[in-house]
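S.K.: coords please:
(one chain, ligands or ions: 2)
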Amino acid sequence: MDLKDHIRSIPDFPKPGILFYDISTLLAHADAWQVTMGRMAKAARAHQPDVIAGIESRGFLVAAPLALKLGCGFIMVRKKGKLPGATIKHTYDLEYGSDTVEIQEGAVEPGQRVILVDDLLATGGTFAASIELLRKVGAEVCAAACLIELAFLKGRERVDVPLHSLVSYDE
Ligand SMILES: O=P(O)(O)OC[C@H]1O[C@H](OP(=O)(O)OP(=O)(O)O)[C@H](O)[C@@H]1O
Ligand SMILES: Nc1ncnc2[nH]cnc12
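M.R.: Ligands and ions are numbered 1, 2, ... in the order given. From the prediction side, this is the model:
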């Protein structure tokens, strides 16, 4: 199955000049979602993770089912101000705008193998910031995975762990 057949692209969202890759159509298609999660699980399993970390919000849609499929725990990398207790923050640039991600201290046991998962890799700022946060709380980030890679933005160069993407766009 070609997953691209199930991903819509919408010009000029959320800003002029941005071609937005919309996974709503893929998630709404039972077979396409099943195939997506099967492929991601196959790539992820090889790294023998203890924990799957998902990035808010679209990343949760992929990361939480992946954790269930692999029998791993799931932890959240969230936008600022959403997590209770002691947290660590990092601000970074997006393809459109900027954001701050946050993780709870103690979210992982020191040395636990964590795979970081998001729906889409654009400039790589979100992955790079989240990897930094996970390391600060003692995780061993063994891999990263996403459904869509915008290869022309070269975000992969900012990710210093093995990165799996299921679908790649060159423009
Ligand atoms: O590689 P980058 O340039 O950092 O961009 C990728 C990030 O941008 C999108 O999130 P967005 O901030 O739109 O939030 P959402 O998941 O809550 O929709 C996407 O889900 C990734 O998390
Ligand atoms: N072009 C894009 N489409 C969908 N989500 C994104 N997140 C960052 N860039 C994006």
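
S.K.: what does this structure put close to ligand 2?
M.R.: Applying Cβ under 6 Å from any ligand atom, we find that the chain lies next to ligand 2 at 18-21, 95, 120, 122, 150. Backbone N, C-alpha and C define where each C-beta goes, glycine included.

S.K.: which one among these gets closest to residue 171?
M.R.: Using Cβ to Cβ, residue 19 comes nearest to residue 171 of the residues of the chain next to ligand 2, at 7.9 Å.

S.K.: which of the residues of the chain next to ligand 2 are buried, as a ChimeraX select command?
M.R.: Buried members of the residues of the chain next to ligand 2, defined by 16 or more other Cβ atoms under 10 Å, are picked up in ChimeraX with:
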select :21,95,120,122,150
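
S.K.: may I see the residues of the chain next to ligand 2 arranged in CSV, with secondary structure and pLDDT as well?
M.R.: Output for those, formatted as CSV (DSSP: H, G, I helix; E, B strand; the rest coil; pLDDT from 0 to 100):
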residue, secondary structure, pLDDT
18, coil, 94
19, strand, 96
20, strand, 97
21, strand, 98
95, coil, 71
120, strand, 98
122, coil, 94
150, strand, 98
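
S.K.: and the residue nearest the centre of this protein?
M.R.: With distances taken as Cα atoms, centre = their mean, the residue of the chain nearest its centroid is residue 118 (1.3 Å).

S.K.: output the lowest mean pLDDT helix or strand found in the chain.
M.R.: Every helix and strand of the chain was ranked by mean pLDDT, DSSP states H and E. The lowest is strand 87-94, at a mean of 88.

S.K.: strand partners (parallel or antiparallel) of that strand?
M.R.: Strand 87-94 sits in its sheet next to strand 97-104 (antiparallel), going by DSSP bridges.

S.K.: what's next to the strand it pairs with, contact-wise?
M.R.: The set of residues external to strand 97-104 that reach it, using Cβ atoms under 8 Å, 6 or more residues apart in numbering, is 53, 55-56, 75-92, 126, 129-130, 133-134, 136-137.

S.K.: any residue of that strand up close to ligand 1?
M.R.: Yes - contact between strand 97-104 and ligand 1, assessed by Cβ under 6 Å from any ligand atom, occurs at residue 99.
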